[in-house]
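*Asks:* sequence first, predicted model second:
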Amino acid sequence: MKKLFLIAFSALAIQGYAAQTGMPAPAGADDVVVPDSTGFIFTDVKINPTTSVKDQNKSGTCWSFSATSFLEEDVMRRGGPELDLSEMYAVRNCYIDKAKKYIRTNGKSNFAAGGAALDVLYVADNYGIVPDDVYPGLNYGEDKHVHGELDAVLKAYLDAVLKNPNRKLSTAWLPGFVGILDAYLGPAPESFKVNGKTYTPQSYAKELGINGEDFISLTSYTHHPFYENFVIEIPDNWLWAESFNVPMEDMKAAVDNALENGFTVCWSADVSERGFQWKNGFALLPEQKTEADLEGTELSRWVKLSDADKANATYKIKGPVKERKITQENRQKTFDNYETTDDHGMVIVGYATDQEGNRYYKVKNSWNTNQVYNGYLYVSEPYFLEKTLSVLVNKDALPKDLKSKVK
């Protein structure tokens, strides 16, 4: 058991970032908060084996970092080696197929840095997997991922193609697009060696036993029937991939069952709430305002504050607080009102309790380790229930009654 202490914090921590899937690590994340005994005391109860915390840095690729970590851990769970797989290989292949769809839909589909966990499985099934040292994706003079210029150049290129100045698309537009990716991320490897054995990306994925059919994405919304698949209507679901819709209690039960049986869970969630305190290592949905809050604002409605109010606000919590009671109805309402947004992907590796016995999920992030819990945070069950967009789990981790309902 490991007891950790969280500071009673003084200023607004890192939250309220731009609402996009795969948001980059926020500015100021290098300022480490020193734990303080006046705050939370978290005790890890069940933690499953996981690979090291990575750093997506200034790139909107958390969907790849989280799902790649999730696959690394699934290989470990099956007795395989601890791996460091390439996140940028999935990013590259998704950019290419995303570009094709963007052009075919005359610019009406989404083309941006964000994506979804299922994108990584899509790449694994169709293009394979490579180790990170084979394809680090750093071909542009940086030690860490910095995608601002790359993202802008790719979008501008496609928009120029869409204008169709030749009144007919040339055969060069796609090779030109791939050429930009080659310049920034590097050409895709056709073959490589691991421990003296030569692989292609496809044969390496097969060697690792990674098969997209072994996994399922679960979500929970009432605007579609339960126990059926549907496409979650969020911009970054460019692949139009389907998730299986279940009541939120079933979604939580699937996560709990997975953790108890040694599986990790890939988690897509809203992190724009004021209660998401990354720098201070936890995420909560407090029921009541504290005396330090802005007059007339609700903690769970941080996304509605102006930038000026966010800049001037403080948010002080000294230990556990009473949290909102989450229902299926208010979960749906926050999604429909854009109060639950598709922000970020992380990995749930286990669960813990605080000093009052409240239960939290322990979550691995991809914003480096310069933070109070070295790259991890504790997410309350109410926060999980309301702010989860979807979870990706191994089908073998599903409870028996839920597994029987999967079509």
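*Replies:* Yep, it's here. Residues are numbered from 1 along each chain as shown.
*Asks:* the residue nearest to Asn106 when sequence neighbours are not counted: neighbour count?
*Replies:* Closest residue in space to Asn106, ignoring its immediate chain neighbours: Leu162 at 6.7 Å, by Cβ to Cβ, 6 or more residues apart in numbering. Every C-beta, even on glycine, is put in place using the N, C-alpha and C of the backbone. For Leu162, the tally of surrounding residues (other Cβ atoms under 10 Å) stands at 13.
*Asks:* give me the distance between Leu162 and Val178.
*Replies:* Distance from Leu162 to Val178, counting by Cβ to Cβ, to the nearest Å: 17 Å.
*Asks:* what sits against the residue nearest to Asn106?
*Replies:* By Cβ atoms under 8 Å, 6 or more residues apart in numbering, the contact set of Leu162 is 102-103, 106-107.
*Asks:* cool, Ser52 as well?
*Replies:* Applying Cβ under 8 Å, 6+ apart, one finds that Ser52 lies in contact with Asp84.
*Asks:* which SSE is it in?
*Replies:* Using DSSP states H and E, Ser52 sits within no helix or strand.
*Asks:* residue contacts, Leu161?
*Replies:* Rather than Leu, residue 161 is Val. Listed by Cβ under 8 Å, 6+ apart, the contact set of Val161 reads 103, 169, 173.
*Asks:* give me phi/psi at the last one?
*Replies:* Comment: the main-chain dihedrals of Trp173 come out as phi -60, psi -40, following degrees, to the nearest 10.
*Asks:* thought Ile103 was touching it, still the case?
*Replies:* Yes - applying Cβ atoms under 8 Å as the test, Trp173 and Ile103 come out as touching, 7.4 Å apart.
*Asks:* give the buried residues for whichever helix or strand Lys362 is part of.
*Replies:* Assignment of secondary structure by DSSP H and E places Lys362 within strand 359-364. By neighbour count, and taking 16 or more other Cβ atoms under 10 Å as the criterion, the buried residues in strand 359-364 are 360-364.
*Asks:* try stretch 335-352
*Replies:* Neighbour counts over stretch 335-352 (16+ other Cβ under 10 Å) mark 335, 339-352 as buried.
*Asks:* can you give me the strands in the stretch 201-350 of the chain?
*Replies:* Along the stretch 201-350 of the chain, counting by DSSP state E, counting those that start in this stretch, strands occupy 215-219, 228-231, 242-245, 265-269, 276-277, 282-283, 344-353.
*Asks:* pairing partners for the fourth one, with directions?
*Replies:* Pairing partners of strand 265-269, with direction, according to DSSP bridges: strand 344-353 (antiparallel), strand 388-394 (antiparallel).
*Asks:* want to throw these into JSON lines with mean pLDDT and distance to Lys403?
*Replies:* Below are those laid out as JSON lines (pLDDT from 0 to 100; distance: least, Cβ to Cβ, whole Å):
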{"stretch": "strand 344-353", "mean pLDDT": "97", "distance to Lys403": "19"}
{"stretch": "strand 388-394", "mean pLDDT": "98", "distance to Lys403": "11"}
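*Asks:* could you dump the contacts of Val161 to TSV with distance to Thr200, neighbour count and pLDDT?
*Replies:* As requested, the contacts of Val161 are exported to TSV (distance: Cβ to Cβ, whole Å; neighbours: other Cβ atoms under 10 Å; pLDDT from 0 to 100):
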residue	distance to Thr200	neighbour count	pLDDT
Ile103	28	19	97
Leu169	31	12	95
Trp173	27	18	97
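*Asks:* which intervals of the stretch 1-150 of the chain have sub-threshold pLDDT?
*Replies:* Residues of the stretch 1-150 of the chain meeting the criterion pLDDT under 70: 1-38.
*Asks:* center of the chain - which residue?
*Replies:* If you average the C-alpha coordinates of the chain and look for the closest C-alpha using Cα atoms, centre = their mean, you land on Gly345, 0.5 Å from that point.
*Asks:* settle this for me: it is touching Trp267, isn't it.
*Replies:* Yes - contact between Gly345 and Trp267 holds when scored by Cβ under 8 Å: they sit 6.9 Å apart.
*Asks:* shared neighbours, those two?
*Replies:* With Cβ under 8 Å, 6+ apart as the test, Gly345 and Trp267 both reach Ser66.
*Asks:* make sure Cys181 is actually in contact with Arg92.
*Replies:* Quick fix: residue 181 reads Leu, not Cys. Yes - assessed by Cβ under 8 Å, Leu181 is found in contact with Arg92 at 5.4 Å.
*Asks:* now Trp367: phi and psi?
*Replies:* For Trp367, the backbone dihedrals are phi -110, psi 40 (criterion: degrees, to the nearest 10).
*Asks:* for it, name its beta-bridge partners.
*Replies:* According to DSSP bridges, the partner residues bridging Trp367 are Asp55.
*Asks:* do you know how far it is from Asn245?
*Replies:* The separation that Trp367 has from Asn245, given Cβ to Cβ, amounts to 30 Å.
*Asks:* more neighbours: those two, which one.
*Replies:* Just comparing Trp367 and Asn245: by other Cβ under 10 Å the higher neighbour count belongs to Trp367, 25 against 22.
*Asks:* so what's the gap between stretch 190-203 and the chain middle?
*Replies:* Average the C-alpha atoms of stretch 190-203, do the same for its chain, and the two points are 28 Å apart (Cα atoms, centre = their mean, to the nearest Å).
*Asks:* ok, residues contacting it?
*Replies:* By Cβ under 8 Å, 6+ apart, the surrounding residues in contact with stretch 190-203 are 89, 127-131, 134, 188-189, 204, 207.
*Asks:* which stretches in the stretch 301-407 of the chain count as helices?
*Replies:* Counting by DSSP state H, counting those that start in this stretch, the segments of the stretch 301-407 of the chain that form helices are 307-312, 328-336, 381-387, 400-403.
*Asks:* does Phe40 touch Gln355 like I think?
*Replies:* Yes - the pair Phe40 and Gln355 qualifies as a contact (Cβ under 8 Å) at a distance of 7.0 Å.
*Asks:* common neighbours of these two, please.
*Replies:* The contact sets of Phe40 and Gln355 overlap at 319-320 (Cβ under 8 Å, 6+ apart).
*Asks:* rewinding a little: would you list the strands paired with strand 265-269 in CSV and tack on distance to Pro49?
*Replies:* Supplementary listing: the strands paired with strand 265-269 in CSV, determined by distance: least, Cβ to Cβ, whole Å:
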stretch, distance to Pro49
strand 344-353, 8
strand 388-394, 14
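*Asks:* tell me which of those sits nearest to Asp214.
*Replies:* Taking Cβ to Cβ as the measure, those were each checked against Asp214, and strand 388-394 came out nearest at 6.0 Å.
*Asks:* I am finished for the moment; much appreciated.
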